[in-house]
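Engineer: based on what follows, work out the 3D shape:
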Amino acid sequence: MHEVNQARALRVAEIINDYRTLLVHISQQDIPVRAEDCGQPGYVVIRESLAAAQALMSSNYTPVVPTGGNDAETEKAELQ
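Structural biologist: Next up, the predicted model:
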């Protein structure tokens, strides 16, 4: 059972890393837009997405892991 938990933890770490990599690439996009196209729905969504990705990248995520307790509780808290 312990091997399964290690495999799951590794997979979660890979997914989190992939998510961070996507945020980095999204936040680095520079899409030139003509002034007359600025209000088009597609460009509005792109600007909102870029702003959201940049906000997520600039936020400092600091997980708080409770001290004490067993390993299962610690792993659960880390994954939340």
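Engineer: continuing past the longest helix belonging to the chain, what's the next helix or strand?
Structural biologist: Looking across the chain with DSSP state H, the single longest helix is helix 2-27. Per DSSP states H and E, the first helix or strand lying C-terminal to helix 2-27 is helix 41-58.
Engineer: so which residue of the chain lies furthest out from the middle?
Structural biologist: Glu36 (32.7 Å; C-alpha atoms, centre = their mean).
Engineer: and it, how close does it get to Tyr43?
Structural biologist: As judged by C-beta to C-beta, to the nearest Å, Glu36 and Tyr43 stand 11 Å apart. Every C-beta, even on glycine, is put in place using the N, C-alpha and C of the backbone.
Engineer: Asn60 now?
Structural biologist: Asn60 sits 30 Å away from Tyr43, going by C-beta to C-beta.
Engineer: wait, Ala53 touches Arg20, no?
Structural biologist: No - counting by C-beta atoms under 8 Å, Ala53 stays clear of Arg20, with 10.6 Å between them.
Engineer: look at the two and report which has more neighbours.
Structural biologist: With neighbours defined as other C-beta atoms under 10 Å, Ala53 and Arg20 compare such that Ala53 has more, 18 against 13.
Engineer: OK, contacts around the more buried one?
Structural biologist: Contact analysis of Ala53 by C-beta atoms under 8 Å, 6 or more residues apart in numbering lists Leu23, Ile26, Ser27.
Engineer: spatially nearest residue to Val24, not counting backbone neighbours?
Structural biologist: Distances taken as C-beta to C-beta, 6 or more residues apart in numbering place Met57 nearest to Val24, at 6.8 Å, with adjacent residues excluded.
Engineer: wait, the one you found sits on Leu22?
Structural biologist: No - contact criterion C-beta under 8 Å: Met57 and Leu22 do not qualify, at 10.5 Å.
Engineer: could you tell me how many residues sit around Val12?
Structural biologist: Neighbourhood size, Val12 [other C-beta under 10 Å]: 13.
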